[in-house]
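Enquirer: The sequence and its predicted three-dimensional model are supplied below.
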Amino acid sequence: MRVAVLANLKKNAPAWPGMSPDRWDDLDSEETIQAIVAALESRGHHATFLEGDPTLLDNVRKLRPDICFNICEGHFGDGREAQVPAILEMLRIPYTGSQVLTLALALDKPMTKRVLTYHGLPTPAFQVFERAGEPLDPDLQFPLFVKPSREGTGMGVSAESIVQDEEQLRRQLELTFERYDEPALVERFIAGREVTVGLVGNLRSPVARRMPEDDEAPRILRGLHFFPPLEVDLAAYPAEEGGIYTSRMKTELAHDFHYHCPAPLPPEQVEELNWLAAAVFRVTGCLDVARVDFRLDASDNDRPYILEVNPLPGLNPGYSDLCIEAEAGGWTYEELINRVLDMAVERYELV
């Protein structure tokens, strides 16, 4: 098949004076693109990289691919991860991964948490701030966690994100507004372990974006493959990282990543995490591949709380969580990339 690999390279991103130094931390490296292209070509596909910027509209029509392997993060706008899929749908070109609504939703952390809360899925209590002077919800108790509402790759997350009192909260809100110019998400800080679950596949259609009404109904996960959970080894990092999975750990220290995979968890807890990951996949409308991030509450017998879902998980073969999990599950990188493609090919009935 002719496959267009669509991404936004860091080296091609726009720049301007005063730009935040982490502005493009979620964009991809040439290393990642080359690895994806090689993986696709190892199975006989003809893969070509196209930059996911305004030139794409003409370039993808010239290339006329059978399908696109999409990992575009976008540059501007609060729905930037959905922009390239919207173009592809307008042109009626098939593509891998989740569709427009899901990508726009998942980028907006507060909106995602509202959906999870509506469906009774465990996520830390939260409040969205648009101004630093807004009163704190009396139901929220310190310590709290502050982060930008629409960023990825841990952008804006550091040890200072954990705030212990009103003074720290107001200072961190001001910093978040100044640096990212978007609402801030403030949620209950869950002290404990950080675990992520990767999955590929699709729930068997038709699937509504809702949980079964009967809580005692059998848990149907058919169509999804779960990789062994990965736990970030927070104790292996300097104390100044604050015991959380910071932006610095995901970028500057990415090639020296410390983790346990499979995470040392009892089978029943892995089953619970898989069920919650499948539920998030379902209610947010994910397709083909996703990663769901959790914190395990050390004060409540490691009870899991959903932090967020990433329908565009990183695919760097050297350090991305999903790739490490796939390897721990006995998959090669080539198998992972081509399974994602196969899931989309099946959905579009291309074979």
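Expert: Ah, there it is.
Enquirer: Run through the stretch 101-250 of the chain and note the low-pLDDT ranges.
Expert: 205-208, 211-220 (pLDDT under 70).
Enquirer: Quick check: longest helix in this protein by residues?
Expert: Taking DSSP state H as the assignment, the helix of the chain that covers the most residues is helix 267-283.
Enquirer: quick one: the helix or strand following it to chain centroid distance?
Expert: Scanning the chain past helix 267-283 towards its C-terminal end, the next helix or strand to appear is strand 288-297 (assignment: DSSP states H and E). Between the mean C-alpha location of strand 288-297 and the chain-wide mean there is a distance of 8 Å, by C-alpha atoms, centre = their mean, to the nearest Å.
Enquirer: State the mean pLDDT of strand 288-297.
Expert: Strand 288-297 shows a mean pLDDT of 97 in the predicted model.
Enquirer: Next SSE downstream of that strand?
Expert: Following the chain from strand 288-297 toward its C-terminal end, the next helix or strand by DSSP H and E is strand 303-310.
Enquirer: just the helices in the chain please.
Expert: Counting by DSSP H, the segments of the chain that form helices are 30-41, 56-63, 83-91, 100-107, 109-118, 166-180, 247-250, 267-283, 321-328, 333-347.
Enquirer: With mean neighbour count and distance to G152 as new columns, can those be given to me in a markdown table?
Expert: Quick note: C-beta positions are derived from backbone N, CA and C, even for glycine. Supplementary listing: the helices of the chain in a markdown table, determined by neighbours: other C-beta atoms under 10 Å; distance: least, C-beta to C-beta, whole Å:
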| stretch | mean neighbour count | distance to G152 |
| --- | --- | --- |
| helix 30-41 | 18 | 15 |
| helix 56-63 | 14 | 20 |
| helix 83-91 | 19 | 15 |
| helix 100-107 | 22 | 7 |
| helix 109-118 | 18 | 10 |
| helix 166-180 | 17 | 12 |
| helix 247-250 | 22 | 9 |
| helix 267-283 | 19 | 16 |
| helix 321-328 | 22 | 13 |
| helix 333-347 | 20 | 18 |
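Enquirer: Could you name the stretch from those that's closest to N202?
Expert: With C-beta to C-beta as the measure, helix 333-347 is the member of these nearest N202 (5.8 Å).
Enquirer: any idea how far I93 is from V200?
Expert: 22 Å (C-beta to C-beta, to the nearest Å).
Enquirer: contacts for stretch 44-58?
Expert: For stretch 44-58, the external contacting residues (C-beta atoms under 8 Å, 6 or more residues apart in numbering) are 1-9, 12, 33, 36-37, 40-41, 59-60, 63, 65, 69-70, 72, 74-75, 83-84, 87, 341.
Enquirer: what about 6 Å?
Expert: Residues from elsewhere that reach stretch 44-58, judged by C-beta atoms under 6 Å, 6 or more residues apart in numbering: 1-6, 8, 12, 33, 37, 40-41, 59, 72, 84.
Enquirer: And it, what's buried?
Expert: Using 16 or more other C-beta atoms under 10 Å as the test for burial, stretch 44-58 gives 45, 47-53, 56.
Enquirer: Is it possible to get TSV of these that adds distance to G314?
Expert: Formatted as TSV, the buried residues of stretch 44-58 follow (distance: C-beta to C-beta, whole Å):
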residue	distance to G314
H45	21
A47	19
T48	21
F49	17
L50	19
E51	18
G52	16
D53	20
L56	21
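Enquirer: Show me which pair in the residues you listed is furthest apart.
Expert: Greatest spatial distance in those: H45 and D53, 23.4 Å, computed using C-beta to C-beta.
Enquirer: give me the number of residues near E81?
Expert: E81 is surrounded by 30 other residues when neighbours are defined as other C-beta atoms under 10 Å.
Enquirer: please renumber so the chain begins at 29
Expert: Okay, residue one is now 29; in that scheme the one you just asked about reads as E109.
Enquirer: so what's the nearest residue to G182 once chain neighbours are set aside up against?
Expert: Nearest residue to G182, sequence neighbours excluded (C-beta to C-beta, 6 or more residues apart in numbering): S275, at 3.9 Å. Contacts were defined as C-beta under 6 Å, 6+ apart; by that measure S275 touches 182-183, 185.
Enquirer: Surely L34 touches C96?
Expert: Yes. Judged on C-beta atoms under 6 Å, L34 makes contact with C96 at a distance of 5.2 Å.
Enquirer: who has more neighbours, the two?
Expert: Legend: neighbour count by other C-beta under 10 Å for L34 and C96, higher for C96 (29 against 26).
Enquirer: Provide a list of residues in contact with that one.
Expert: 32, 34, 116, 123.
Enquirer: May I see these arranged in CSV, with pLDDT and distance to V143 as well?
Expert: What follows is the contacts of C96, written out as CSV (pLDDT from 0 to 100; distance: C-beta to C-beta, whole Å):
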residue, pLDDT, distance to V143
A32, 98, 31
L34, 98, 26
L116, 98, 24
Y123, 98, 23
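Enquirer: returning to that earlier point: run through who's touching the longest helix of the chain.
Expert: Taking C-beta under 6 Å, 6+ apart as the criterion, the residues outside helix 295-311 that touch it are 143, 147, 149, 225, 227, 231, 237, 247, 249, 252, 254, 257, 318, 320, 332, 337.
Enquirer: For the stretch 279-379 of the chain, give me the ranges with low pLDDT.
Expert: Under the criterion of pLDDT under 70, none of the stretch 279-379 of the chain is flagged as low confidence.
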